[in-house]
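**Q** With the input below, show me the fold.
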Amino acid sequence: MDIPKQPLHILKENNPFISSSVGDPWVSQYPNVPDINSHAFEGILSLMGQKSVHPALNCACLILGEVGSGKTHLIGQMLEHGRRADFPFTYAYIQPIEDAHTPFAYLLRETIINLCHPLDRTIGASSWDTQLFRLVIHIFKEVDPAYKVATSLHPGITHKTDDVRKQSVGLFQKLQHKILDLSKLSRFNAVAEHSPKYIQKIHKKAMDGIRKTYPEISKRFLQVLFSYTDADTQATAIEWLKGNILDSEESDLLQVPDRSKKSHSALENESREILTSLGILLGRYKMPMLVCFDRLENLTSDDQIHALGKMMEFLVDKVQAMLPLGCFRGQQWEEKYRNKLNQHIISRLENNQYELQACSVNQAIQVVESRLNSVFGVSYPDVYPFTRQELTELYQDRLYNPRTVIAIANERLRTILNQKPQKIVTPLETLILAYEKKKQQIFKDMDLYPPDRSRLRKALTLFMHLRPLKNIFGKVASIQNNTDNSEQIDLVLTLRHPEGKTVPVIFLIDHELHHMSVTSRIQTGITCLIDNSPTKVIYIRDARCSFPPPPKWKETNNKLQRFKRLGGHAIFLGLDNAAWWYALALLSYEVNEGDVAVTDTDLQTRPVTWKEFEDFVCQYVNGEHYHAFQNLETSLAAPTTEKFSVVAMRKIA
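**A** I've put the predicted structure just below:
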């Protein structure tokens, strides 16, 4: 076959088959293939239609599929469909839960993160066209159909045509390096074309109308929800809606009570109340939510599995207009999860069960065609540079899952391009590339990955558990997790320094926004240093959680200085460093799920094993290769403060 050089040159520079996994369903790099697993797609869509008409319908959905069968791809397909204005439904993608004792706070936080994520993201802007914004506009327009939104930000305008989307992307790329704060654009969402008096009137009418029909809905929730459309309160409103404990200034700004004195049980109850109120609104305005629980292989403890069951059961029985969907491997579902979940939720899930299937020859060809179209456009002729006959011969011997279809096409394309057989990339090299890709993905969209104590603890635990026997700070002799979020301490280990000295190390991870909570955490570090000396205490904080310098937070800053004088170590993770930490935790999820693939010596694609991931962390994740861990290693290697005397304590104080 005579193949023109120009298309081959383009494919050599932009091979659409080089990656066979979906990764983040929010990032749709390749077009969907409607025929693949269409029975599951249509089934879920039908359930969402029923939830739109009957919000209180008690149902759930179960997706079963092995590695590479397209579970996460199906979720991404549903997300893309939900964006369409002809049948708008909302969407939340829930990562595996770490802290099992606060399932409802976690579910609320993840739900709000998804609702506030831009639907057509071009640059990091938290107040672009979001699902939550669309909901609020529905509410205001019900009160006054003449209520206006700035035309440039009207919900759905960025989804009319591909040409419009490309023009929008080009415009924002030109502006990206100028001073541009899209959060200020939210002024145009609700208030630019209306006076404050009119906005206040709209809020009151909406509040009275909704609560007259639904007296059980939270008045405070509605009050904060409406403030989401105001640039001055939007960021603070998001934090409150996520369930975070705000500092007094932010609480005063929203005119809400201080949460700092609430117990974990009370916060869990409030999370349930907010989710229930949100469900009422989604049902009222026919915007049902698909709540997708994915990467569930990472639920390793019975407590985590039971927490999953609690979240699903709550959504089925107590929350209107939300459909929980669980994605499991078939064998794991039968052998592990089915025996540990509540029978009630098992029945609900299995009533709407869909098993993902391998591709037929025609479906495999459609996968190849869709990937080529992503490079050349839909007008590109047929499956060039392949032929349909050639592809039929490639895939007719047996049924392949979508991931294998893409891997086979990649090898065939390399042959056409006269490239040498794909170099055998070792598992270590594969994981290095996957880790760097995951970090870049997170760094570009930090709003989707907000400060998270449990994820930082996951990364820290992986880092410390899998350290080599010899390193600059010595050997980890023993390690003990503390996954109870009600406690201040996250991790305790015993470190044996190179000279043979043994010292306990205590880690405190903090992401609180209220000065009293932060002060309490630091005081715990001080107490540990005094009561357990000689010891080492390391305080870790995502720097995105504001820590204002003096004169603000005077007591907190004084406590921090005393903590340091006593020999404590404080690590504030900037954006870049935090992205590396979160990437390590999320990469571990993907490996456990079988979503990181490597080509073996027989040119067969297989998932990277957990043992290979452990070797990667052991050999490569350190301060030498990644600056994000340099401060941690320096703190671990630093001399330990000796036991304090009473006189020394007075001097330090």
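
**Q** Against residue 222, how distant is residue 431?
**A** For residue 431, the distance to residue 222 equals 47 Å [CB to CB, to the nearest Å]. Where C-beta positions appear, they are placed from N, C-alpha and C, glycine not excepted.

**Q** Could you do residue 583 as well?
**A** On the measure of CB to CB, residue 583 and residue 222 end up 37 Å apart.

**Q** of those two, who's got more company?
**A** residue 583 (25 against 20; other CB atoms under 10 Å).

**Q** right, and that one touches residue 438 too?
**A** Yes - counting by CB atoms under 8 Å, residue 583 touches residue 438, with 4.2 Å between them.

**Q** where does the stretch 51-200 of the chain dip in pLDDT?
**A** For the stretch 51-200 of the chain, applying pLDDT under 70 flags the ranges 84-87, 121-128, 150-193.

**Q** one more time with 50, if that's ok
**A** Counting by pLDDT under 50, the stretch 51-200 of the chain shows low-confidence ranges at 122-127, 152, 154-192.

**Q** Repeat that for the chain.
**A** 1-2, 122-127, 152, 154-192, 483-486, 645-653.

**Q** What ranges does it have for its strands?
**A** For the chain, the strands defined by DSSP state E occupy 61-64, 90-94, 289-293, 322-328, 353-355, 475-481, 491-496, 502-510, 536-542, 569-573, 597-599, 605-607.

**Q** how about those, which one is nearest residue 365?
**A** Residue 365 lies closest to strand 605-607 among the strands of the chain, at 19.1 Å (CB to CB).

**Q** Only the buried residues of that closest one, if you could.
**A** Residues of strand 605-607 classed as buried by neighbour count (16 or more other CB atoms under 10 Å): 605, 607.

**Q** again with stretch 268-279
**A** Buried residues in stretch 268-279 (16+ other CB under 10 Å): 268, 270-279.

**Q** So what touches it?
**A** With contact meaning CB atoms under 8 Å, 6 or more residues apart in numbering, stretch 268-279 is reached by 55, 102-105, 107-108, 111, 216-218, 221-222, 241, 243, 259, 262, 289, 314, 318-322.

**Q** Repeat that for stretch 514-530.
**A** Applying CB under 8 Å, 6+ apart, the external contacts of stretch 514-530 come out as 245-248, 258-260, 488-489, 506, 508, 510, 512, 535, 537, 539, 547, 553, 555-556, 559-560, 562-563, 566-568, 641, 644, 649.

**Q** From those, list the buried ones, please.
**A** Buried by 16+ other CB under 10 Å: 245-247, 259-260, 488-489, 506, 508, 510, 512, 535, 537, 539, 547, 553, 556, 559-560, 562-563, 566-568, 641, 644, out of the contacts of stretch 514-530.

**Q** need the contact list for residue 573.
**A** By CB under 8 Å, 6+ apart, the contact set of residue 573 is 456, 540-543, 581, 628.

**Q** Including neighbour count, could these go into JSON lines?
**A** Converted to JSON lines, the contacts of residue 573 look like this (neighbours: other CB atoms under 10 Å):
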{"residue": "456", "neighbour count": "25"}
{"residue": "540", "neighbour count": "25"}
{"residue": "541", "neighbour count": "24"}
{"residue": "542", "neighbour count": "24"}
{"residue": "543", "neighbour count": "14"}
{"residue": "581", "neighbour count": "27"}
{"residue": "628", "neighbour count": "21"}
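
**Q** Widest-spaced pair of those residues?
**A** Checking the contacts of residue 573 with CB to CB, the most distant pair is 541 and 628, at 14.0 Å.

**Q** what about residue 201, neighbour count?
**A** A count of nearby residues for residue 201, using other CB under 10 Å, gives 14.

**Q** swap that for residue 639, please
**A** Around residue 639 there are 11 residues (other CB under 10 Å).
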